[in-house]
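Peer 1: I would like to see how this sequence folds:
(2 chains)
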Protein chains: 2
Amino acid sequence: VALEDKIPWLAGAPRGGRWLVGVSGGADSVALLHLLVRNGFSDLVVCHLDHRLRGRESTADAGFVRRLAGKLGVACEIGCCDVRVRMSEHKESMETAARNARLEFFARCAAKSGCHRVLLAHHADDQAETVLWNLLRGSHGLRGMRQDQRIRVGDTELQLVRPLLDVRHAELVAWLEAQRLDWREDASNLEPVAVRNRLRNEVFPLLTEISGRDAVLPFVRGAADAAQREECEADALDQANLLDPQGRLHLGALRKLTPDLQRAGLRAFLVAAGIPAIDRALLQRAAGLLDPAGPASVNLSGGKRLRRRAGRIWIDCQAGGL
Amino acid sequence: VALEDKIPWLAGAPRGGRWLVGVSGGADSVALLHLLVRNGFSDLVVCHLDHRLRGRESTADAGFVRRLAGKLGVACEIGCCDVRVRMSEHKESMETAARNARLEFFARCAAKSGCHRVLLAHHADDQAETVLWNLLRGSHGLRGMRQDQRIRVGDTELQLVRPLLDVRHAELVAWLEAQRLDWREDASNLEPVAVRNRLRNEVFPLLTEISGRDAVLPFVRGAADAAQREECEADALDQANLLDPQGRLHLGALRKLTPDLQRAGLRAFLVAAGIPAIDRALLQRAAGLLDPAGPASVNLSGGKRLRRRAGRIWIDCQAGGL
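Peer 2: Numbering: from 1, shown residues only, chains lettered A, B, ... in the order given. Modelled structure (predicted):
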């Protein structure tokens, strides 16, 4: 199987428009950039943020990326952010500081280039690690990165696109080697840290050894299935018109849904209201409001409560709440 | 939190009727038996199968269980099966041979006692290992043992009930110790084997160490969520009346469902027809049949195909099929 055949996005995406591409100089993003150019994407803006985390090597990474963009005849934006300074200024972890610095850099590039679509080189190994890590931190299921994600950075809306989520890091390296293409070793290892490295170097090899098959794939596939299910769920909720003009949940519309969608609708409502720590037990209690014979309110954190009255469910502040 | 509070099943289940209880003599099943007796379940039949896997120790396990049942004043059935002989006769792995031998023993006990409900002591650690193992073997999601499962063994229908799926093994041991109750060390370690032991002894401790939190719980909870979702799905499909009197899928009924339920309905239809290897790609193609403008048939393995015609979808054998 050719590498391109494992990336259906490449065949389906419009070649005409402009795309930003995040390129660290490491194997993954360099492979992505070459794949794009070879598949007819010509209006690219290579975006490289120098994180200043590897001293002289960081500068060399930026130089490599600039020369590569020049050779390929595409535009290039090099940004700079001292992540360590940002960490102490914003009291952020290195992971958060590096991610936020990158997103803000992409937002600046988007404003400058008039293009809000950013291609990222996250691959199957990244995805499996993310899924397992999210699970261990309480995601209640197999949740990974989305291939297509819309986020807001300050006033800028970005569309992040990850075409390589089904491709293994080793496949990208093998392809670069077969094509005799260069990359910067370690340039992609900006991202922390202990945890991700231990999942990559200890957990997945151990699982692969024990099961006798590739342990990365099941996590990637499981997340893809879950994402597909969530999209269906979101579509169904959209069509269900759950909110009345005052933004309250319409009990009649909610009762027409399957129990699963009812919970999803309640969850979406609580998330939109900024309610923290929405777990299974809370959703169970909230779903109890649909029973006319059951309690008519459910306590939430912060002195708020979820109430049922006159065919509607909404959130108000409890008398005497904290 | 008292141990009983972590086992909601105990409070809700009818005490009146008879229950079979699988008791190996190990900590988990001994704890289950004591919990049942102390919570008012009196018409119990303790079922112990001597697997003949531990020589003299096996006989001692059986003796321990018989004496325990006697002390508690409940009935006891001791069965015997040389699992190694069964392995070679039936060409089964030790895991399969032991499981089938146990199920057939439960079926015999059910016939003899007129009770088809069997309580089993599988706990949270068992569940997490099962979920991870299923995932690695291709379950496409977090799938574990069901708390309530109906199976057929030969002509006998059994209802397997697992009340301890949310309780940790260590909690059961701690409870037995606090109550000064005895059990047979290693009696529960009949079950194979390398894989389960490596998940238990290597993988989960490693995940717990890396993440700094209990790694068993997320797998148990994820499986519970998935099971709940699947039950909702099954209910919704039941209500959708997808089959016509000839057992064909009713296109009109199918089209009324959400895309997710459509796939679930198609999957259930293919499973019932004995179609193997139903993966995401196949379901995607099958879902394509719902589009009147799309192809009207989808090839299945074994020369079969899924056809759409005159408002129905069904399976037939392809002309010239293998």
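
Peer 1: CA atoms only for stretch A:76-91 - export them in CSV, please.
Peer 2: Taking C-alpha atoms only, stretch A:76-91 is exported to CSV below (Å, rounded to 0.1, in the frame of the first residue of the first chain):
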residue,chain,number,x,y,z
CYS,A,76,7.3,30.4,4.9
GLU,A,77,6.6,32.1,8.3
ILE,A,78,9.1,31.7,11.1
GLY,A,79,7.9,32.8,14.5
CYS,A,80,9.8,32.9,17.8
CYS,A,81,8.7,32.4,21.4
ASP,A,82,10.8,31.7,24.4
VAL,A,83,8.6,28.9,25.9
ARG,A,84,10.5,29.0,29.2
VAL,A,85,9.9,32.7,29.6
ARG,A,86,6.3,32.1,28.8
MET,A,87,6.0,29.3,31.3
SER,A,88,7.1,31.6,34.2
GLU,A,89,5.1,34.6,32.9
HIS,A,90,1.9,32.7,32.4
LYS,A,91,2.4,30.1,35.1
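
Peer 1: Report the distance from it to the chain centre.
Peer 2: Relative to the centre of its chain, stretch A:76-91 is centred 21 Å away, using Cα atoms, centre = their mean, to the nearest Å.

Peer 1: what is the mean pLDDT for it?
Peer 2: For stretch A:76-91, the mean per-residue pLDDT is 92.

Peer 1: buried sites along the lowest-mean-pLDDT helix or strand in chain A?
Peer 2: One helix or strand of chain A scores below all others by mean pLDDT, DSSP states H and E: helix A:194-198, with a mean of 81. Within helix A:194-198, the residues scored as buried using 16 or more other Cβ atoms under 10 Å in any protein chain shown are A:195-196, A:198. For every residue, glycine as well, the C-beta is placed using N, CA and C.

Peer 1: Contacts for it next, please.
Peer 2: A:129, A:133, B:210-211 (Cβ atoms under 8 Å, 6 or more residues apart in numbering or on different chains).

Peer 1: Residue A:90: which of those residues is nearest?
Peer 2: Checking the contacts of helix A:194-198 against residue A:90 by Cβ to Cβ gives residue A:133 as the nearest, at 22.4 Å.

Peer 1: circling back: looking at the buried residues of helix A:194-198, which one is closest to residue A:42?
Peer 2: residue A:196 (34.0 Å).

Peer 1: rewinding a little: same list (the buried residues of helix A:194-198) but as JSON lines, adding distance to residue B:171.
Peer 2: Formatted as JSON lines, the buried residues of helix A:194-198 follow (distance: Cβ to Cβ, whole Å):
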{"residue": "A:195", "distance to residue B:171": "28"}
{"residue": "A:196", "distance to residue B:171": "32"}
{"residue": "A:198", "distance to residue B:171": "28"}
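
Peer 1: For chain A, which residues are neighbours of chain B?
Peer 2: Residues of chain A lying close to chain B by Cβ under 8 Å from any Cβ of the partner chain are A:132-133, A:135-142, A:195, A:198-199, A:202-203, A:206-207, A:210-211, A:213, A:215, A:218-219, A:221-222, A:224-226, A:228-229, A:232-233, A:235-236, A:258-261, A:280.

Peer 1: repeat that for 6 Å
Peer 2: Those residues of chain A that sit near chain B, judged by Cβ under 6 Å from any Cβ of the partner chain, are A:135-136, A:140-141, A:198, A:210-211, A:215, A:218, A:221-222, A:225, A:229, A:232, A:236, A:258-260.

Peer 1: quick one on the thing from earlier: now flag whichever of the buried residues of helix A:194-198 is closest to residue A:39.
Peer 2: The nearest member of those to residue A:39, counting by Cβ to Cβ, is residue A:196 at 29.4 Å.

Peer 1: Let me see the residues that make contact with the helix or strand residue A:84 falls within.
Peer 2: Secondary structure from DSSP states H and E places residue A:84 in helix A:83-90. Residues from elsewhere that reach helix A:83-90 (Cβ atoms under 6 Å, 6 or more residues apart in numbering or on different chains): A:51, A:53, A:94, A:97-98, A:101.

Peer 1: What of stretch A:129-148?
Peer 2: Under Cβ under 6 Å, 6+ apart, the answer for stretch A:129-148 is A:122, A:127, A:161-162, A:165, A:196, A:199-200, A:219, A:222-223, A:226, B:211, B:215, B:218, B:221-222, B:225.

Peer 1: Show me where chain A dips below the pLDDT cut-off.
Peer 2: Low-confidence segments of chain A (pLDDT under 70): A:187-193, A:318-322.

Peer 1: Just the buried residues of the longest helix belonging to it, please?
Peer 2: Longest helix in chain A, counting residues (DSSP state H): helix A:216-240. Within helix A:216-240, the residues that count as buried by 16+ other Cβ under 10 Å are A:216-227, A:229, A:232-233, A:236-237, A:240.

Peer 1: list the helices and strands that helix packs on?
Peer 2: Secondary-structure packing of helix A:216-240 (3 or more Cβ pairs under 6 Å, 6 or more residues apart in numbering or on different chains; DSSP states H and E): helix A:124-136, helix A:259-272, helix B:259-272.

Peer 1: Helix or strand next in line after the last one, which one?
Peer 2: Reading on from helix B:259-272 to the C-terminus, the next helix or strand found by DSSP H and E is helix B:280-287.

Peer 1: what does that following helix rub up against?
Peer 2: Applying Cβ under 6 Å, 6+ apart, the contact partners of helix B:280-287 are B:262-263, B:266, B:298, B:306.

Peer 1: Serialize those to TSV and add fields for neighbour count and distance to residue B:61.
Peer 2: Output for the contacts of helix B:280-287, formatted as TSV (neighbours: other Cβ atoms under 10 Å in any protein chain shown; distance: Cβ to Cβ, whole Å):
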residue	neighbour count	distance to residue B:61
B:262	23	51
B:263	21	47
B:266	25	47
B:298	22	53
B:306	23	51
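
Peer 1: ok so, going back, filter the contacts of helix A:83-90 down to the ones in helices?
Peer 2: Those of those mapping onto helices are A:94, A:97-98, A:101, per DSSP H.

Peer 1: Now do the strands in the stretch 1-150 of chain A.
Peer 2: Applying DSSP state E, counting those that start in this stretch to the stretch 1-150 of chain A gives strands spanning A:19-22, A:44-50, A:75-80, A:117-119, A:148-153.

Peer 1: Is it possible to get JSON lines of those that adds mean neighbour count?
Peer 2: Converted to JSON lines, these look like this (neighbours: other Cβ atoms under 10 Å in any protein chain shown):
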{"stretch": "strand A:19-22", "mean neighbour count": "24"}
{"stretch": "strand A:44-50", "mean neighbour count": "24"}
{"stretch": "strand A:75-80", "mean neighbour count": "17"}
{"stretch": "strand A:117-119", "mean neighbour count": "22"}
{"stretch": "strand A:148-153", "mean neighbour count": "13"}
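
Peer 1: what would those strands look like in JSON lines with distance to residue B:47?
Peer 2: Output for the strands of the stretch 1-150 of chain A, formatted as JSON lines (distance: least, Cβ to Cβ, whole Å):
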{"stretch": "strand A:19-22", "distance to residue B:47": "61"}
{"stretch": "strand A:44-50", "distance to residue B:47": "65"}
{"stretch": "strand A:75-80", "distance to residue B:47": "69"}
{"stretch": "strand A:117-119", "distance to residue B:47": "60"}
{"stretch": "strand A:148-153", "distance to residue B:47": "53"}
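
Peer 1: Over to residue A:315: give its phi and psi.
Peer 2: The phi/psi pair for residue A:315 (degrees, to the nearest 10) reads phi -110, psi 130.

Peer 1: Any idea what it is bridged to?
Peer 2: residue A:306 (DSSP bridges).

Peer 1: wait, isn't it in contact with residue A:273?
Peer 2: Yes - between residue A:315 and residue A:273 there is a contact under Cβ atoms under 6 Å: 5.2 Å.

Peer 1: Find the centremost residue of chain A, please.
Peer 2: The centre of chain A sits closest to residue A:145, judged by Cα atoms, centre = their mean, with a distance of 3.7 Å.

Peer 1: Since that was my last question, I'll sign off now.
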